[in-house]
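Student: Return atomic coordinates for the entry below.
(one chain, ligands or ions: 4)
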Amino acid sequence: MAARVGLLPHAILVSSRALPTPRARVPYPLPPVPSYLRHASSSASRSCRASPRFVAVRAMASGNPYAAELAAAKKAVTLAAKLCQTVQQDIMHSGVQAKADKSPVTVADYGSQILVGFSLKMDVSSGPFSLVAEEDSDELRKDGAEEILEDITDLVNETIFDDGSYNISFTKEGILSAIDDGKSEGGPSGRHWVLDPIDGTKGFLRGDQYAIALALLDEGKVVLGVLACPNLPLSSINNINGNSSGDKVGALFSATIGCGAQVESLDGSPPQKISVCSIDNPVNASFFESYESAHSMHDLTGSIAEKLGVQAPPVRIDSQAKYGALARGDGAIYLRFPHKGYREKIWDHAAGSIVVTEAGGIVTDAAGNDLDFSKGRFLDLDTGIIATNKELMPSLLKAVQEAIKETNQAASLL
Ligand SMILES: Nc1ncnc2c1ncn2[C@@H]1O[C@H](COP(=O)(O)O)[C@@H](OP(=O)(O)O)[C@H]1O
Ligand SMILES: [Mg+2]
Ligand SMILES: [Mg+2]
Ligand SMILES: [Mg+2]
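Tutor: Residues are numbered from 1 along each chain as shown. Ligands and ions are numbered 1, 2, ... in the order given. Sure, this is the predicted structure:
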């Protein structure tokens, strides 16, 4: 399959498919029908496999107050994962990833954002819809982006058609408008979905780990999170540096406040409860960090690990798959220390942090404060983010603060 690559001023857009001819759609007229959807005719018919009513019945049966939202969230990220998997396979075959030399955004980032937002809108009926998501349509509205926009439109429509849950198709204007559904500012009141359509885009382009990360904020607190990790081994990363153990690949982590955390396969095995590891001696611990040294200072994390007495080398993987792996005990610690001046975004941590806390772990900033997701699109925090189990947290915090102090002292002598 030939790959088409378009370079725009502030983004790298990768189209990797021999794109299909749009097929005829059955009309989808049930309210609320977003105005940007294309209708084949005006005759009414509905064809969702999981209707809001069906989801609501499951919610009442489970005793989980967010069960309907959880079911909708899982369905949304699973649909988006299908699109991402298709694109990633084609990118790998075409070798396009070598050209990604700056903050990338691909057709899959946009496509995933559209599918998740759309699927949630269709399946979650309660209250106004608010989505805080990473991507916007600015680049796609510029001259020269027409072909990419057409590719995204075809990719999204083809994924919806193949999945079969919704009989609708998007117009190009609908695609732009759907991306911009993610422009909400979030905040301390009401409900807001928080989405990273592809977290770890650099990993995605390398053919490595990435995640579709979706969370729900309710009155400023994360109450639900799902992480679709299409390339993560289902049972465990029991090897250094993200190598798989050869078992089934494709994990879907989920957590709801007060209800624990689970993992299931992306293609639908029953959920299994997960918990963080019980290691209490750092000598036996291993730690996760970003693959990209631009995203987290590997020197500082090395010094923290040394102070703790950690023997194992760092496990470097992309995306919030790190939170998922930590939550099921594949490793004991996650360290993230961005370079000075970087502001963390809520979609990079909302889903992952609740998966870890509901698995019995703790996630804080470098000063030991809880992460505050109620301040809008950014996290306002002290220096870095750390996560581990309750046993290791006191010694981890001490090591972090010592290492930061030493680094600051060394910097002041320069
Ligand atoms: N200079 C920087 N420092 C820290 N994080 C950064 C960064 N530049 C980008 N990021 C964030 O790091 C995320 C990936 O994290 P990780 O290293 O754990 O894979 C990116 O998410 P996206 O890939 O969604 O853009 C992006 O939000
Ligand atoms: Mg990005
Ligand atoms: Mg991200
Ligand atoms: Mg992203």
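
Student: Now the residue of the stretch 201-350 of the chain found nearest ligand 4. Nearest residue, chain neighbours left out?
Tutor: When you check the stretch 201-350 of the chain against ligand 4 by Cβ to the ion, the closest residue turns out to be residue 201, at 5.3 Å. Heads up, the C-betas are built off the backbone N, CA and C, glycines and all. Taking Cβ to Cβ, 6 or more residues apart in numbering, and ignoring the residues beside it in sequence, residue 201 has residue 104 as its nearest neighbour in space, at 5.0 Å.

Student: which parts of stretch 281-289 are buried?
Tutor: For stretch 281-289, a neighbour-count test (16 or more other Cβ atoms under 10 Å) marks 282, 285, 286, 287, 288, 289 as buried.

Student: next one: stretch 140-148
Tutor: 140, 145, 148.

Student: List every C-alpha atom in stretch 126-134, with coordinates, as PDB.
Tutor: C-alpha atoms of stretch 126-134 as PDB (Å, rounded to 0.1, in the frame of the first residue of the first chain):
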ATOM      1  CA  SER A 126     -27.000  12.200  30.500                       C
ATOM      2  CA  GLY A 127     -26.400  16.000  30.600                       C
ATOM      3  CA  PRO A 128     -24.500  18.400  28.300                       C
ATOM      4  CA  PHE A 129     -21.500  17.000  26.400                       C
ATOM      5  CA  SER A 130     -18.100  18.400  27.300                       C
ATOM      6  CA  LEU A 131     -14.800  17.000  25.900                       C
ATOM      7  CA  VAL A 132     -11.300  18.200  26.800                       C
ATOM      8  CA  ALA A 133      -9.100  16.600  24.100                       C
ATOM      9  CA  GLU A 134      -5.600  17.100  22.700                       C
END
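
Student: Tell me how far that stretch lies from the chain's centre.
Tutor: Per Cα atoms, centre = their mean, to the nearest Å, the displacement of stretch 126-134 from the mean C-alpha position of its chain is 16 Å.

Student: Please apply the same query to stretch 406-414.
Tutor: Counting by Cα atoms, centre = their mean, stretch 406-414 is centred 35 Å from the centre of its parent chain.

Student: Give me the mean pLDDT for that stretch.
Tutor: The average of the pLDDT scores along stretch 406-414 is 84.

Student: Stretch 365-375 too?
Tutor: Stretch 365-375 shows a mean pLDDT of 98.

Student: Kindly export it (C-alpha atoms) in CSV.
Tutor: Extracted in CSV, the C-alpha atoms of stretch 365-375 (Å, rounded to 0.1, in the frame of the first residue of the first chain):
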residue,chain,number,x,y,z
ASP,A,365,3.7,15.3,42.1
ALA,A,366,7.3,15.5,43.3
ALA,A,367,6.2,17.2,46.5
GLY,A,368,3.7,14.5,47.4
ASN,A,369,0.6,16.4,46.4
ASP,A,370,-2.4,14.7,44.7
LEU,A,371,-2.7,15.7,41.0
ASP,A,372,-5.4,18.3,40.6
PHE,A,373,-7.4,17.8,37.4
SER,A,374,-9.9,20.7,38.1
LYS,A,375,-7.8,23.6,36.8
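
Student: shaky segments in this structure?
Tutor: Counting by pLDDT under 70, the chain shows low-confidence ranges at 1-62, 92-102, 239-246.

Student: Report the residue ranges of every domain in it.
Tutor: Each domain of the chain is listed here as a residue range: 4-274, 282-413, per automatic domain parsing.

Student: okay, the ones you listed in TSV with distance to ligand 1 next?
Tutor: As requested, these are arranged in TSV below (distance: least, Cβ to the nearest ligand atom, whole Å):
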stretch	distance to ligand 1
domain 4-274	4
domain 282-413	3
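
Student: okay, which residue is most central for this protein?
Tutor: Averaging the C-alpha coordinates of the chain gives a centre point, and the residue nearest to it by Cα atoms, centre = their mean is residue 213 (2.1 Å).

Student: Can you classify it as helix, strand or coil?
Tutor: strand (DSSP: H, G, I helix; E, B strand; the rest coil).

Student: pretty sure it is touching residue 320, no?
Tutor: Yes. Here residue 213 reaches residue 320: they are 4.9 Å apart, a contact under Cβ atoms under 8 Å.

Student: Touching both of these two, which residues are there?
Tutor: Common neighbours of residue 213 and residue 320, counting by Cβ atoms under 8 Å, 6 or more residues apart in numbering, are 196, 199, 227, 348, 351, 352.

Student: which other helices and strands contact the longest helix belonging to the chain?
Tutor: Using DSSP state H to assign secondary structure, the helix with the most residues in the chain is helix 67-94. Under the contact definition 3 or more Cβ pairs under 8 Å, 6 or more residues apart in numbering; DSSP states H and E, helix 67-94 sits against helix 52-62, helix 107-123, helix 146-163, helix 201-206, strand 211-218, strand 221-233, strand 249-256.
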